[in-house]
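A.B. asks: Quick one: sequence and predicted model below, then my questions.
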Amino acid sequence: EMPVEDDPKLDRPAYGSPELECKLVCDTLSIHDEKANARACYIVANCVHRPQFRQVFMERHYYLKIISYLTPPNKQLIEYLDRNGSCVRKMDMKMQENLNKAACVALTCLTETLKDSEMLRLVHADLIPALLVCYASSSEQREDVKQAALSCLRMYNVSVGHRDPMYPDVHTQVDTYFDRTS
């Protein structure tokens with residue numbers, strides 16, 4: 001049997017190390033408070049430019065928590081769960097868009113600093129569909145949230161386009177040519 005001192009679960013990151021800082025920030029992401037979660041996202045946005053912090057953040061898959069915050073406001077409220085998976089409370093609707101913006105900013109900063117292979121990990125974690133839903137479902141009053149999501153999407157060369165083009169061009173006419181409803 002392994003002695004208690006050598007148990008890797010009890011192994012704490014060294015004081016002042018990037019591992020400890022990363023763990024503290026990511027523990028804050030799991031607190032049941034919208035303001036604390038948004039602040040933690042902004043701290044991640046500021047810290048990912050440091051290589052050691054970014055390495056720990058990516059290795060431990062902490063980015064999954066930030067991507068999970070990109071839920072459509074007013075449609076599907078984020079539920080805060082306890083250890084057993086039961087809902088403690090639902091997120092405040094007014095605060096959710098602030099958290100969406102903070103998550104978009106954190107993911108944009110993270111994307112800026114990653115290499116292609118690491119960016120693929122974010123894509124595999126359904127980053128792009130989450131950003132598209134966040135962009136499309138943000139209210140008209142919160143144009144800042146839409147722009148934050150759009151700036152991150154641009155880094156992945158994803159174009160959102162216009163739902164209702166103001167000037168019909170050849171492509172629009174071709175698209176509606178076979179539309180039998182009109």
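C.D. replies: In hand now; what should we look at? Numbers count the residues shown, from 1 in each chain.
A.B. asks: Tell me the spacing between the closest residue to D92 other than its chain neighbours and Y69.
C.D. replies: Spatial nearest neighbour of D92, excluding adjacent residues (CB to CB, 6 or more residues apart in numbering): E34 at 5.8 Å. No exception for glycine: its C-beta is placed from N, CA and C like everyone else's. E34 sits 10 Å away from Y69, going by CB to CB, to the nearest Å.
A.B. asks: anything in contact with each of the two?
C.D. replies: The contact sets of E34 and Y69 overlap at L99 (CB atoms under 8 Å, 6 or more residues apart in numbering).
A.B. asks: With neighbour numbers in mind, choose between these two.
C.D. replies: Y69 (23 against 19; other CB atoms under 10 Å).
A.B. asks: show me the contacts for that one.
C.D. replies: 37, 41, 78, 99-100, 102-103.
A.B. asks: ditto for A106
C.D. replies: Counting by CB under 8 Å, 6+ apart, A106 touches 41-42, 44-45, 48, 66.
A.B. asks: can you give me the strands for the chain?
C.D. replies: Ranges of strands in the chain, per DSSP state E, are 79-81, 87-90.
A.B. asks: Relative to R12, which of the ones you listed is closest?
C.D. replies: strand 79-81 (25.4 Å; CB to CB).
A.B. asks: Flag every buried residue along the closest one.
C.D. replies: Y80 (16 or more other CB atoms under 10 Å).
A.B. asks: Give the rounded mean pLDDT of that strand.
C.D. replies: The average pLDDT within strand 79-81 is 78.
A.B. asks: Direction included, what does that strand pair against?
C.D. replies: The pairing partners recorded for strand 79-81 under DSSP bridges are strand 87-90 (antiparallel).
A.B. asks: returning to that earlier point: from C87, how far off is the residue nearest to D92?
C.D. replies: For E34, the distance to C87 - CB to CB - is 15 Å.
A.B. asks: Point out where this protein drops to low pLDDT.
C.D. replies: Residues of the chain that meet the criterion pLDDT under 70 lie in 1-11, 72-76, 161-182.
A.B. asks: one more time with 50
C.D. replies: Residue ranges of the chain with pLDDT under 50: 1-5, 182.
A.B. asks: Since that was my last question, I'll sign off now.
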